[in-house]
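> Attaching a predicted model along with its sequence, questions to come.
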Amino acid sequence: MPAILKNKYSEEPHPWNKHIPIGATKLFIGTFPTEKRNRKHDFFYSGATNRFWEIISKIAEPLNDIAKEPDEVKKRKLMLEKLKLGLTDMGSKVLRQEGSSNDHSLFPLEFTDVTQILQDHQTIKTLIVSGNYQGNSSLSWFGIFCSLNNIRFDAKKLHKNKSGTVNINNHTIQVKVTYSPSRQSRVKTETIAGFYKSLILDEAESKS
């Protein structure tokens, strides 16, 4: 039997691009959505093995009227509005290895224009990325995007320090590195939730 030599990839555009509430102060950046058959809802972080919304709901408590919202996507958007948190992914269009939802099976063809997002939403002062500075992660892809656009950014240094800055559109933007919400990470949910809370909430709020 002849060997299989051709890897099967399909081209895939991002289904949502971004969601940024009015007055958002922080932008959480991922890589790309999970494969369509694994999505529980038509919005960011929809995979069954992803802890993002479990963590966000803890940070947004008390949910009050938000919990009564029957539409799962609207409920998630209300939590983002409450936390002044925007979402996007670095991948705008990717090649996906057939049937795989792993980041290492994705190849970015086009990146999301983060500079334009910051231009359109000038209340955003902090970008939150995750992963290593090598391979497929939002930190790595953001670093490549910066390199393509002659923006000075040291992804390796940021990964080491967990915090840094980048100058975009003549504005200094904070960049923070956090844990991936994927359950493939061995970090406990409680640890990630505490770390996310410190990043997403203002200092005064995080102490309440």
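Cool, the structure landed. The structure displayed is predicted, hence computed values, not measured ones.

> going forward, measure contacts and count neighbours with C-alpha atoms only.
Noted.

> packing partners for the helix or strand where K74 lies?
Per DSSP states H and E, K74 falls inside helix 72-83. Counting contacts by 3 or more Cα pairs under 8 Å, 6 or more residues apart in numbering; DSSP states H and E, helix 72-83 packs against helix 52-59, helix 65-68.

> State the next helix or strand along the chain beyond that helix.
In N-to-C order, the element after helix 72-83 by DSSP H and E is strand 85-89.

> could you give the angle of that following strand to helix 72-83?
120 degrees (axes from the mean of the first three to the mean of the last three Cα atoms, to 10 degrees).

> now the next helix or strand after strand 85-89: how far from the chain's centre is it?
Following strand 85-89 in sequence order, the next helix or strand is strand 91-97 (DSSP H and E). Relative to the centre of its chain, strand 91-97 is centred 15 Å away, using Cα atoms, centre = their mean, to the nearest Å.

> what's next to strand 91-97, contact-wise?
7-14, 17, 31-32, 105-112, 141 (Cα atoms under 8 Å, 6 or more residues apart in numbering).

> Could you do stretch 78-86 as well?
Residues contacting stretch 78-86 (Cα under 8 Å, 6+ apart): 18-28, 56-57, 60, 63, 66, 200-201.

> Just the CA atoms of the helix holding K74, as PDB, please.
Below are the C-alpha coordinates for helix 72-83, written out as PDB (Å, rounded to 0.1, in the frame of the first residue of the first chain):
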ATOM      1  CA  GLU A  72     -26.200  31.400  26.200                       C
ATOM      2  CA  VAL A  73     -24.400  33.700  23.900                       C
ATOM      3  CA  LYS A  74     -26.200  36.800  25.200                       C
ATOM      4  CA  LYS A  75     -25.400  35.600  28.700                       C
ATOM      5  CA  ARG A  76     -21.700  35.500  27.900                       C
ATOM      6  CA  LYS A  77     -21.800  38.900  26.300                       C
ATOM      7  CA  LEU A  78     -23.500  40.400  29.400                       C
ATOM      8  CA  MET A  79     -20.700  39.000  31.500                       C
ATOM      9  CA  LEU A  80     -18.100  40.600  29.200                       C
ATOM     10  CA  GLU A  81     -20.000  43.900  29.400                       C
ATOM     11  CA  LYS A  82     -20.000  43.800  33.200                       C
ATOM     12  CA  LEU A  83     -16.200  43.100  33.300                       C
END
